[in-house]
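Chemist: Sequence and predicted structure are below.
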Amino acid sequence: MKHKRIKWYKRGRRTQLKRWLIFGFIGVLLLLGGIGWKFLYPHEQKSWSWTVGNQTILIDAGHGGVDPGAVGKTSLEKDITLAVSKRLKVLVQQAGGKPVMVREEDVDLGTAQGLLKRKREDLAQRIQLANDRQADVYLSIHVNSSTKEKLTGPQVFYYADSQEGKLLAQNIQTQLNLVAGGKRIAKGNQELFILKKADRAAVMIELGFLSNSEEEQKLNDPNYQQMLAVAVYQGLANYLGTSQNLVPEKEGNTHNVPNI
């Protein structure tokens, strides 16, 4: 019996030692991973900023309901914009911001019977929501389409007469270019209703082209959707951090860091 107890004791000690070695190995990997991330992606550190804290960010997932938006071979614009917008909402929340979602399901905001009248009503309701909630920033999320199937990449638009919108668009465009590997520049526009009527820092973000089959596949990939959401968030955080003279600071800003 004594011999068996010693054998069980030794076996238990070996098992415990193995567990500690495994936990130690995992700890080292996590430490090295954190250090590697910091040095490989230093620009990420600045983006996880307190600047989003307590800011009201209106996130407008374009189209919805009876309005599908652009139509790809296998997907609809309204579904992709909603998926990315939901991911963006989480990032803003985790940073201490106040996200306001125009929609969180497949609906539009119009009630009229005629499609054209309903669309106008829908757009007006989106602007009204931004006014009612006193949004600091308006992010309109869309997906592009073109008869030129080779076109790819995100494109950000701003109201041409808005310096705030231009700065916001430039910051977001820079981050999206890093994700997509593009060289697009933010473009001013004087015709888009949302940008013209928003009366605050506002941008329209075209995430990519459904008319390009390869990009359509990427736009439907949850991992790529997360990358796009993170890029938009980073651009937003950078904008708020460099526009203190444009965006009034609010009390109670937090320093939470969002998880991705």
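Modeler: Happy to help now that I have it. Numbers count the residues shown, from 1 in each chain.
Chemist: just the strands in this structure please.
Modeler: Counting by DSSP state E, the segments of the chain that form strands are 56-61, 98-101, 137-144, 155-159, 187-189, 201-209.
Chemist: helices or strands next to the longest one in the packing?
Modeler: Other elements packing on strand 201-209 under the criterion 3 or more CB pairs under 8 Å, 6 or more residues apart in numbering; DSSP states H and E are helix 77-94, strand 137-144, strand 155-159, helix 163-180, helix 193-197, helix 213-219, helix 222-241. The way it works is simple: take the backbone N, C-alpha and C, and place the C-beta from them, glycine included.
Chemist: Centre of the chain to the longest one, how far?
Modeler: What separates the centre of helix 222-241 from the centre of its chain is 4 Å, taken as CA atoms, centre = their mean, to the nearest Å.
Chemist: Could you check what's spatially nearest to the most centrally placed residue in the chain, not counting adjacent residues?
Modeler: Centroid-nearest residue in the chain: Ala229, 2.2 Å away (criterion: CA atoms, centre = their mean). In this structure, Ala229 finds its nearest non-sequential neighbour in Arg87, 3.7 Å apart by CB to CB, 6 or more residues apart in numbering.
Chemist: contact partners of stretch 161-172?
Modeler: Stretch 161-172 has contacts (CB atoms under 8 Å, 6 or more residues apart in numbering) with 137, 156-159, 185-188, 190, 195, 198, 200-203, 205, 231-232, 235-236, 238-239, 242-243, 246-247.
Chemist: Please type out the ChimeraX selection for whichever of those turn out to be buried.
Modeler: Buried members of the contacts of stretch 161-172, defined by 16 or more other CB atoms under 10 Å, are picked up in ChimeraX with:
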select :137,156,157,158,159,186,195,198,200,201,202,203,205,231,232,235,236,238,239,243,247
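Chemist: follow-up on the earlier one: contact partners for the residue nearest to the centre of the chain?
Modeler: Neighbour list for Ala229: 84, 87-88, 91 [criterion: CB under 8 Å, 6+ apart].
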